[in-house]
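1. Just a sequence and a predicted model for now, questions to come.
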Amino acid sequence: MFTDQVEIHVKSGKGGDGMMHFRREKFIPRGGPDGGDGGKGGDVILEVKPTLNTLSSFRQNQKFKAAEGVKGGPSQRTGHNGKDLIIHVPPGTVLFDADTGELIGDLTEAGQQLTVLKGGRGGRGNQHFATSRNQAPRTAEKGEPAQEKRIKLELKLIADIGLIGVPNAGKSTLLSVLTNARPKIAAYPFTTLEPNLGVANIDDDTTVVLADIPGLIEGASQGAGLGHDFLRHVQRTRVLIHLLDGFSEDPLADYSQINSELSLFDPNLAKKPQLVALNKIDQPEVQERLGDIQKQFKKQKVELMTISALARTNTRDLLTKAYQKLAEAPSLEEIEPPLPVYRPKEDPREFIVTRESADEWRISGVAIERAASMTYWQHDGSVRRFQKIMETLGVDEALRRAGIQEGDTVSIGDFELEWQE
């Protein structure tokens, strides 16, 4: 099944814990601290794999987690870094933050990578906390917590030439004739419920990729039918073949309606080069009306080609002209420049004090919550270090100003502390 939208949950690897350890060897009574550092947690990386053309692999697995860093060892041994998690996606995948809607990235080139989450930093062993005054520190750090995020993936097919038109105009038949694609074909409206890709040979050394975009209807730009699901695939194509149904009561009205829907959805679509072709001219009923239809399009100064996809009449000429248009067409970057991503510059040292009840308080903030999660609460030295961090960030002073009392409970992340002066 073709899948072009999916949400996944990704989590980077937690940093390995630093070790509190002292050198213990014969004849060396005071070996000093030698606890090693923890390894870095694995990153979560999305990479373009050109052989993929759908997001269907994510239907079965939507949760991904990178490996954690290994904890440090004695003798200043650093733990191994967690292995990065590489998630393969097809070219044309656009990433959004599922919670905020913020654009994260746009992956189009084969092998292109984007790191969406960084692994946690490894905690420091007690060797780093030795000073001239404290040569046997009972202090170490836990690894930095993992990051996690819900990501929405959207696939915009990357094709050189897109086939557009009303339902049942014969786009799937034309695609099967011009390429090696084998889409399902039948004489019913909305037979094509998913885009199809095919590769057409221009000559021995040249190929182009064609996409059959399912039939568009009036109101597609507002989401009618499956409009939004399909219109975004047109954005990636550089040249359009607008196929008209020869049996339509008014092919010119169909032509105008489809172009209106394209412009309403994205004004840039109106800038794409377009070839217009009337299909099914091998049928007697169409032959009888052909002269009148051609006159209507000539009045609108629209060049109308005539083909029969089923009989393969003029189909090669249509492909040749489309390739000529493609050679003259601007690049995708000129038509659809990359969207800038603006991220607010937040100070990780900022925090918020919230009173949850008469004697319960909560401190929220990136730096203070991270420091709490990296603290060995069972070691007095680590607790004293955390108290200094609270003083440095100004948390102590903020709590006093808010009216905290002796014995009140202070929650920081998943940890609860008792306030003592």
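-> Everything's here; your move. Every value quoted in this text rests on a predicted model; they were computed, and no experiment measured them.

2. The stretch 201-350 of the chain: strands as residue ranges?
-> 206-212, 239-245, 274-279, 304-306 (DSSP state E, counting those that start in this stretch).

3. can these go into TSV with extra columns for distance to Ile87?
-> In this view, the C-beta of every residue, glycine as well, is placed from N, C-alpha and C. Shown next, in TSV, are the strands of the stretch 201-350 of the chain (distance: least, Cβ to Cβ, whole Å):
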stretch	distance to Ile87
strand 206-212	24
strand 239-245	32
strand 274-279	36
strand 304-306	43
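
4. dump the residue contacts of Gly36.
-> 18-19, 21, 72-79, 125, 127 (Cβ atoms under 8 Å, 6 or more residues apart in numbering).

5. Please, which helix or strand holds Pro91?
-> Of the helices and strands defined by DSSP states H and E, none includes Pro91.

6. what about the strands in the stretch 51-200 of the chain?
-> Under the criterion DSSP E, counting those that start in this stretch, strands of the stretch 51-200 of the chain are mapped to 63-65, 85-89, 93-97, 103-107, 113-117, 148-155, 161-164, 196-203.

7. ranking those by burial, who's on top?
-> Mean neighbours per residue, mean count of other Cβ atoms under 10 Å, is largest over the strands of the stretch 51-200 of the chain for strand 161-164, with a mean of 27.

8. For that strand, name the packing helices and strands.
-> helix 171-178, strand 206-212, helix 227-234, strand 239-245, helix 315-328 (3 or more Cβ pairs under 8 Å, 6 or more residues apart in numbering; DSSP states H and E).

9. how does it look with 7 Å?
-> Using 3 or more Cβ pairs under 7 Å, 6 or more residues apart in numbering; DSSP states H and E, the elements in contact with strand 161-164 are helix 171-178, strand 206-212, strand 239-245.

10. As JSON lines, these with distance to Phe58 would be great.
-> Output for the helices and strands packed on strand 161-164, formatted as JSON lines (distance: least, Cβ to Cβ, whole Å):
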{"stretch": "helix 171-178", "distance to Phe58": "26"}
{"stretch": "strand 206-212", "distance to Phe58": "21"}
{"stretch": "strand 239-245", "distance to Phe58": "29"}
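
11. Out of those, which gets the lowest mean score?
-> Lowest mean pLDDT of the helices and strands packed on strand 161-164: strand 206-212, a mean of 78.

12. What residues of that strand count as buried?
-> 208-212 (16 or more other Cβ atoms under 10 Å).

13. now swap in stretch 357-374 and tell me
-> For stretch 357-374, using 16+ other Cβ under 10 Å, the buried residues are 361, 363, 365, 367-374.

14. do you know how far Val116 is from Asp99?
-> Applying Cβ to Cβ, to the nearest Å, the value for Val116 to Asp99 is 14 Å.

15. So Phe386 sits against Ala371, correct?
-> Yes: with contact defined as Cβ atoms under 7 Å, Phe386 reaches Ala371; the gap is 6.1 Å.

16. and which of the buried residues of stretch 357-374 is nearest to Asp203?
-> The closest of these to Asp203 turns out to be Arg370 (Cβ to Cβ; 59.3 Å).

17. Domains in this protein, by residue range?
-> 1-155, 161-334, 352-418 (automatic domain parsing).

18. who's in contact with Gln60?
-> Under the criterion of Cβ atoms under 7 Å, 6 or more residues apart in numbering, Gln60 has no neighbours.

19. so how far is Lys280 from it?
-> 41 Å.

20. quick one: Ile365 and Phe351 touch, right?
-> To be clear, residue 365 is Gly; Ile isn't right here. Yes: the pair Gly365 / Phe351 is scored as a contact, 2.9 Å apart, by Cβ under 7 Å.

21. Pull up the distance across stretch 62-69, start to finish.
-> Chord length of stretch 62-69, first to last residue, is 23 Å (Cα to Cα, to the nearest Å).

22. From the chain's centroid, how far away is that stretch?
-> Taking the mean of its C-alpha atoms, stretch 62-69 sits 17 Å from the chain's own mean (Cα atoms, centre = their mean, to the nearest Å).
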